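Asks: the following comprises the amino acid sequence and a computationally predicted model.
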Amino acid sequence: MAAATWDGLLLDIDGVLHVGLDPIPGAREALEALRARDIPFRLVTNTTSRSRRLVVQRLVAMGFALQADEVLTPAALAVRHCAARGYTRIALHVAIALREDLEHLGDVEDGEAEAVILGDLGTDFTYERMNVIFRQLQAGAELIALQRNRVWQRDDGLVLDAGPFVVALEYAVGQDATVTGKPSPAFFDAALADLGVDATAAAMVGDDLEADVGGALAAGVDGILVRTGKFREQSLSASTIEPTAVIDSIADLARLL
């Protein structure tokens, strides 16, 4: 593919730049190469276990040179969605480390909520917690899922992400969630607007075939799949999603540019 067709890049974080606390070999150099070539980029993550500040802080500790405004998360779109609908009673079911990105929304603990914002709760996805959310939805609250990923890659292997729990709630109440993270078209639209690049001139680099590549392609953005993080060859072989390109890691991005 001709390098000139990409005026900007969207890059996933977990599984693309690092796995756990270990940077992907060549990832820091890849970002430096983009800066050297004056190719603008944004890091777009579905991470909902920590705030944007903590995401940036963690990357900087790994040796990545970044500014906070170069990282986009689903929380900002959830805030925008609630404001557009005039919601004032919102139940936050998110990790404590994420709450600073949503704190000005408040948090309804008692009484009926107009909306439920749901992120990855990890081990706090208990039967009791799911029933609390179920009853809030059954009473009329809108389900706003920060992301709907099936799995994510930890140091010890693949683990369930928020997606399976979102689907369980959708099934229980017969209501589709509003998803603010990838693969939501609104998320890609917001990222491209922030980048100042048209969809036809952008590419998304990710390790998630559905959320990253599939979401990008549906938004008119080229999708580049890396063989790191949660990538599994059997998933690619069985999928109908056809990436624009498949590379071994972000370290190989330069050859496409």
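Replies: In hand now; what should we look at?
Asks: what ranges do the strands span in the stretch 1-150 of the chain?
Replies: 8-11, 18-19, 22-23, 41-44, 71-72, 90-93, 115-118, 142-145 (DSSP state E, counting those that start in this stretch).
Asks: would you format those as TSV with distance to Leu257 included?
Replies: All C-beta atoms are positioned from the backbone trio N, CA, C, and that covers glycine. Shown next, in TSV, are the strands of the stretch 1-150 of the chain (distance: least, Cβ to Cβ, whole Å):
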stretch	distance to Leu257
strand 8-11	9
strand 18-19	21
strand 22-23	20
strand 41-44	11
strand 71-72	21
strand 90-93	40
strand 115-118	37
strand 142-145	34
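Asks: okay, these in TSV with mean pLDDT next?
Replies: Putting these into TSV (pLDDT from 0 to 100) gives the following:
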stretch	mean pLDDT
strand 8-11	97
strand 18-19	94
strand 22-23	94
strand 41-44	96
strand 71-72	94
strand 90-93	96
strand 115-118	97
strand 142-145	97
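Asks: run me through the strand neighbours of the helix or strand bottoming out on mean pLDDT in the chain, direction for each.
Replies: Ranked by mean pLDDT, DSSP states H and E, the weakest helix or strand in the chain is strand 151-154, scoring a mean of 84. Using DSSP bridges, strand 151-154 pairs in its sheet with strand 157-160 (antiparallel).
Asks: need the contact partners of the partner strand.
Replies: With contacts defined as Cβ atoms under 8 Å, 6 or more residues apart in numbering, strand 157-160 is touched by Arg150, Val151, Trp152, Lys230.
Asks: buried sites along the helix or strand following it?
Replies: On the C-terminal side of strand 157-160, the closest following helix or strand by DSSP states H and E is helix 163-173. Neighbour counts using 16 or more other Cβ atoms under 10 Å place Gly163, Phe165, Val166, Leu169, Glu170, Val173 of helix 163-173 among the buried residues.
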